[in-house]
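Peer 1: next come a sequence and a model predicted from it.
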Amino acid sequence: MPVLDLNSVILSSIGLTFMLVLVLLVFGAYQQRALVMRWVWGMLLIGLGLSIYFIPDVFALRAQHELYVSIAFSAICLGLSVYVNGIRMLRGYRIYRYLSLLVLTTLLACNAILLNMHAPLRVILLSNFLVMSWVFAYGSRSLMGFGKDFISHVFWLCCSLFSAMTLMLLFMMFEVALIDAELLKDFQHWSAHAYMIATIVMVLIAVTCLLLLVMNVRTQAGLQAIATLDGLTGVLNRRGLQDAANRMQAVSQRIKLPMGMLIVDLDYFKKVNDVYGHLVGDAVLKVCAGTIHSALRGGDVIGRYGGEEFCILLPNTGEHESAVLAERIRKTIETTPVNIAGIESLDVSTRAIKCTVSVGAVSSETVGYQIDSLFAAADHNLYQAKQAGRNRIASNAHRLQASDEAKPVKRNASVIVSQ
Ligand SMILES: Nc1nc2c(ncn2[C@@H]2O[C@H](COP(=O)(O)OP(=O)(O)OP(=O)(O)O)[C@@H](O)[C@H]2O)c(=O)[nH]1
């Protein structure tokens with residue numbers, strides 16, 4: 001009676017493949033591809049090693065058992081080292097690029113010598129487990145964090161030796177059950193499902209890693225939001241805006257499409273604070289950010305540039321279109337009074353405040369793609385608009401070639417052009 005039935009192997013392989021696909025799909029969705037691929041390769045190598053381990057039993061190649069076991073453990077340890085680097089990546093530690101190479105060469109050299117000396121299977125297993133415990137040590141240290149003192153080093157070494165020894169004991173029991181099945185009949189049933197047990201262990205590892213990854217992604221998303229969003233208005237802060245501007249500039253320049261920029265500044269905002277207080281001032285800023293946002297197109301990016309100043313990045317937008325959009329924003333703000341009636345502890349009879357904005361518009365068509373040049377030119381135009389009396393826009397549209405000027409630009413009393 002075969003100790004290991006092929007059904008278990010096939011069933012477990014299907015389970016393993018299913019798990020890998022699941023891991024790929026779920027982890028891949030978070031775009032941490034480098035990390036995901038490390039774990040997938042790690043698992044594949046471990047799965048391959050486990051498969052090779054059972055080849056002699058399935059195909060009755062007992063004479064070559066030592067050879068298969070040493071190849072199997074080389075693959076398992078290599079898989080573990082790739083896996084450990086994935087854990088290090090997740091924890092934000094530096095990756096040991098040569099860890100896998102070191103593990104593989106150590107094991108190959110060690111196994112080649114032992115096979116050449118016709119060492120018994122137990123010795124081959126023991127040497128492989130020592131290397132495995134070393135990889136485990138790296139893994140547990142990377143997972144749990146680093147203690148730099150002597151006690152921590154000893155602790156991690158003991159922990160990994162214990163885990164490796166537990167595994168070794170497990171495999172020894174497999175060995176006993178496989179080699180002398182008649183003596184240890186009780187083990188046969190369990191041994192026949194050894195591959196299944198190994199698969200379950202791998203599923204547990206995958207689930208643990210999945211949880212770690214989800215936690216990591218959530219923490220990163222939270223930190224990213226804190227770092228790049230403005231707490232009051234919810235739009236990008238200056239840092240987020242700078243990142244977005246750099247990205248948009250790189251893409252626009254590569255595909256040779258114009259990029260526009262607007263700086264929108266609330267007029268006489270100091271008065272709002274002085275008359276109604278900072279609480280109302282804050283509410284007005286928040287509502288105005290929302291109003292400006294609602295006037296934008298999909299793909300446009302808004303950020304808070306300064307106190308009552310917003311910057312808007314416009315992909316695929318030339319000078320004329322920037323001016324048109326600036327005018328639309330100006331008009332929307334002018335015609336949308338900010339309702340302050342609902343603001344708590346406000347002792348004023350005013351129910352809505354009428355706000356206006358001045359806008360400086362510019363695009364890469366007249367000043368190039370450099371973000372600093374765009375900021376400077378938009379700021380200059382904003383200054384022009386303020387100087388001309390506020391509640392208006394200023395742009396460089398007139399600087400374009402005569403042929404370009406034929407394009408429709410909506411000009412009215414509130415639109416001026418920069419000198
Ligand atoms: N409530 C509130 N006020 C802010 C905030 N950030 C900046 N401010 C205020 O915005 C006002 C800006 O004043 P100014 O720079 O003189 O500009 P302005 O009164 O809008 O005048 P112009 O821009 O020249 O039309 C200051 O009173 C700041 O205290 C904020 O987050 N909340």
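Peer 2: Happy to help now that I have it.
Peer 1: need the phi and psi values for the residue of the stretch 51-200 of the chain found nearest the ligand.
Peer 2: Closest to the ligand within the stretch 51-200 of the chain is residue 92: 33.3 Å, counting by CB to the nearest ligand atom. Where you see a C-beta, it was placed from the backbone N, CA and C, and this is true even at glycine. Phi and psi for residue 92, reported as degrees, to the nearest 10, are phi 80, psi 20.
Peer 1: for residue 231, helix, strand, or coil?
Peer 2: Judged by DSSP: H, G, I helix; E, B strand; the rest coil, the three-state class of residue 231 is coil.
Peer 1: residue 339 and residue 351 touch, don't they?
Peer 2: Yes - Residue 339 is in contact with residue 351 according to CB atoms under 8 Å; the separation is 6.6 Å.
Peer 1: near the ligand, which residues of the stretch 151-300 of the chain are found?
Peer 2: Selection of the stretch 151-300 of the chain residues close to the ligand by CB under 6 Å from any ligand atom yields 232, 265-270, 273, 278, 281-282, 285.
Peer 1: narrow those residues to those in helices?
Peer 2: 269-270, 273, 278, 281-282, 285 (DSSP state H).
Peer 1: out of those residues, which are buried?
Peer 2: 269, 273, 281, 285 (16 or more other CB atoms under 10 Å).
Peer 1: so which of the residues you listed would you say is closest to residue 64?
Peer 2: Residue 64 has its nearest neighbour among these in residue 285, at 76.1 Å by CB to CB.
Peer 1: contacting residues for the closest one?
Peer 2: 232-233, 266, 269, 308 (CB atoms under 8 Å, 6 or more residues apart in numbering).
Peer 1: again, only this time at 6 Å
Peer 2: residue 233 (CB atoms under 6 Å, 6 or more residues apart in numbering).
Peer 1: helix or strand next in line after the strand or helix carrying residue 227, which one?
Peer 2: Using DSSP states H and E, residue 227 sits in helix 194-228. On the C-terminal side of helix 194-228, the closest following helix or strand by DSSP H and E is helix 238-254.
Peer 1: how is the chain carved up into domains?
Peer 2: Using automatic domain parsing, the domain parsing of the chain gives 6-225, 238-417.
Peer 1: what pLDDT does the closest residue to residue 369 other than its chain neighbours get?
Peer 2: Excluding the flanking residues, the one nearest residue 369 by CB to CB, 6 or more residues apart in numbering is residue 253, at 4.6 Å. With respect to pLDDT, residue 253 has a value of 90.
Peer 1: could you measure residue 253 against the ligand, distance?
Peer 2: 32 Å (CB to the nearest ligand atom, to the nearest Å).
Peer 1: swap in residue 216?
Peer 2: Counting by CB to the nearest ligand atom - residue 216 and the ligand are separated by 33 Å.
Peer 1: secondary structure class for residue 260?
Peer 2: Assignment for residue 260 (three-state DSSP): strand.
Peer 1: doesn't residue 315 make contact with it?
Peer 2: No - Residue 260 sits out of contact with residue 315 when judged by CB atoms under 6 Å, with a separation of 8.1 Å.
Peer 1: got a list of what the single nearest residue of the stretch 151-300 of the chain relative to the ligand touches?
Peer 2: With CB to the nearest ligand atom as the measure, residue 281 is the residue of the stretch 151-300 of the chain nearest to the ligand, at 2.6 Å. By CB under 6 Å, 6+ apart, the contact list for residue 281 reads 272-273.
Peer 1: correct me, but residue 269 touches residue 307?
Peer 2: No - Residue 269 lies out of contact with residue 307 (CB under 6 Å); the separation is 7.6 Å.
Peer 1: comparing residue 260 and residue 315, which residue is more hemmed in?
Peer 2: Comparing residue 260 with residue 315 by other CB atoms under 10 Å, the one with more neighbours is residue 260, at 30 against 19.
Peer 1: touching, residue 267 and residue 356? I think so.
Peer 2: Yes - the criterion here is CB under 6 Å, and residue 267 meets it with residue 356 at 4.7 Å.
Peer 1: identify the contacts common to the two.
Peer 2: residue 391.
Peer 1: residue 73: neighbour count?
Peer 2: Quick note: residue 73 (other CB under 10 Å) scores 24 neighbours.
Peer 1: likewise for residue 261?
Peer 2: 28.
Peer 1: that one pairs with what?
Peer 2: residue 313, residue 362 (DSSP bridges).
Peer 1: list the contacts for it?
Peer 2: Neighbours of residue 261 in contact, by CB under 6 Å, 6+ apart: 313, 362, 374, 378.
Peer 1: what sits closest to the third one if chain neighbours are left out?
Peer 2: Closest residue to residue 374 apart from its sequence neighbours, by CB to CB, 6+ apart: residue 261 at 4.5 Å.
Peer 1: pretty sure residue 333 sits against residue 354.
Peer 2: No - if you go by CB under 6 Å, residue 333 and residue 354 don't touch, sitting 9.3 Å apart.
Peer 1: so for those two, which sits in the more crowded spot?
Peer 2: Remark: of residue 333 and residue 354, residue 333 carries more neighbours, 24 against 11, as counted by other CB under 10 Å.
Peer 1: in the one helix or strand that one maps to, which residues are buried?
Peer 2: Here residue 333 sits within helix 319-334, counting by DSSP H and E. For helix 319-334, burial by neighbour count (16+ other CB under 10 Å) applies to 319-333.
Peer 1: just checking: what are the partner strands of the next helix or strand after that helix?
Peer 2: Moving toward the C-terminus from helix 319-334, the next helix or strand (DSSP H and E) is strand 338-339. Using DSSP bridges, strand 338-339 pairs in its sheet with strand 352-353 (antiparallel).
Peer 1: what does the strand it pairs with contact?
Peer 2: So strand 352-353 is contacted by 337-340 (CB under 6 Å, 6+ apart).
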